[in-house]
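Participant: Just to be clear, the model below is a prediction. Sequence and coordinates:
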Amino acid sequence: MGLLSKFEKKVPSTADDPAAITTAAHLNYPEKTEIAQLESGHESPSAGNGFHVTAEMERRVVRKLDKRLVPLVMVLYLLAYLDRSNIGNAKIAGMAKDLNLSSPDYQWLLTIFYISYILFEWFALMWKVLPPHMWAAFCVIGWGIVATCQAGTFSFSGMMAARFFLGFFEAGYGPGIPYLLSFFYLRHEIGVRIGVFLSAAPLATCFAGALAYGITSGDDTNRIRNWRLLFLVEGLPCIVAGVVTFFILPDSPEKATFLTEEEKLVARARGVRQVGAEEAHRVGHISFKDVGAALLDLKVFPHAFLLLEIPPRLPLHRSSHFLSREL
């Protein structure tokens with residue numbers, strides 16, 4: 001993950017930017033003034049250690065975040081994508097026959113997931129209300145339970161309900177990750193990390209078929225049906241991952257157990273440099289004024305349309321939902 005820094009635009013650190021230090025020092029934000037003093041190497045009235053932030057210290061913090069944070073959120077998204085797309089492999093493993101599904105029924109099982117995903121995508125705001133480790137664990141454990149429960153369905157209506165709630169829980173995770181990463185990375189750093197995070201989707205598609213084949217290729221005459229076993233094998237690990245996430249996902253750089261105290265000071269200085277006094281109030285409440293401003297910003301809607309990504313994502317979704325049937 002340290003290689004990610006090669007793709008970033010080179011921006012001087014706080015220690016190399018005297019203008020940023022001077023500006024911060026003249027603001028009326030006590031926190032920002034204190035950090036600016038620390039960055040500039042001047043002793044703060046509240047800290048007598050003469051702490052000084054250097055570019056190398058910043059790079060060391062970023063490398064640790066790349067090794068510990070980005071892989072975690074990427075793996076969780078990979079698990080989410082496996083759970084949403086394994087229905088195609090379950091169909092050819094006997095689900096359609098056991099549940100008496102027609103072609104329109106199968107189309108509705110695919111569609112209902114995205115209906116709930118769109119309806120509840122505003123759950124991304126919950127990253128501002130609850131501590132991130134709690135909300136992420138809730139989402140991951142939730143979709144893990146629902147994905148596992150798909151193995152116990154015996155009708156079209158039961159599978160429809162499971163797919164609806166799968167979209168419900170997954171909608172709260174992926175859209176909020178860019179906001180979570182903004183706690184740890186500066187603006188010129190975050191784009192590459194979001195790209196790596198999103199790459200989990202095509203990565204999951206690469207081996208989902210092979211994994212499903214290995215799970216469903218055996219004779220299921222005298223045991224649990226192969227398609228039910230597929231949902232169990234790919235759903236249960238998500239529940240475990242959700243529990244682990246509760247304990248290891250940091251809410252902010254200051255709460256990251258893998259950073260030393262010195263590195264936490266560096267991370268805090270970076271956060272204040274980026275958002276100023278807002279840095280201490282990014283979790284715990286929602287500013288509906290900001291929500292309204294976002295809805296009235298005309299730039300949001302063309303971007304939302306682009307996120308439909310119909311041309312590039314059609315092959316991705318088609319391969320996971322339909323290609324297995326055609327082969």
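Facilitator: Good, I have the coordinates. Numbers count the residues shown, from 1 in each chain.
Participant: What is the burial count for the residue nearest to Met95 when sequence neighbours are not counted?
Facilitator: Closest residue in space to Met95, ignoring its immediate chain neighbours: Trp227 at 4.2 Å, by C-beta to C-beta, 6 or more residues apart in numbering. In short, each C-beta sits where N, CA and C put it, glycine included. Other residues near Trp227 number 27, with proximity taken as other C-beta atoms under 10 Å.
Participant: Tell me who's in contact with Trp227.
Facilitator: Neighbour list for Trp227: 89-91, 93-95, 98, 216 [criterion: C-beta atoms under 8 Å, 6 or more residues apart in numbering].
Participant: which element is it on?
Facilitator: Assessed by DSSP states H and E, Trp227 sits inside helix 226-248.
Participant: same for whichever helix or strand comes after that helix, what does it pack against?
Facilitator: Using DSSP H and E, the helix or strand that follows helix 226-248 in sequence is helix 261-275. Secondary structure elements in contact with helix 261-275, counted by 3 or more C-beta pairs under 8 Å, 6 or more residues apart in numbering; DSSP states H and E, are helix 18-26, helix 30-40, helix 55-68.
Participant: and if we set it to 10 Å?
Facilitator: helix 18-26, helix 30-40, helix 55-68, helix 187-198 (3 or more C-beta pairs under 10 Å, 6 or more residues apart in numbering; DSSP states H and E).
Participant: Show me where the stretch 1-150 of the chain has its helices.
Facilitator: Using DSSP state H, counting those that start in this stretch, the helices of the stretch 1-150 of the chain run over 18-26, 30-40, 55-68, 70-85, 87-90, 96-98, 103-119, 126-129, 132-149.
Participant: Buried deepest among those, which one?
Facilitator: Each of the helices of the stretch 1-150 of the chain was given a mean neighbour count from mean count of other C-beta atoms under 10 Å, and the largest, a mean of 26, is that of helix 87-90.
Participant: for it, the distance to its chain's centre please.
Facilitator: If you compare the mean C-alpha spot of helix 87-90 with that of the full chain, they lie 24 Å apart, counting by C-alpha atoms, centre = their mean, to the nearest Å.
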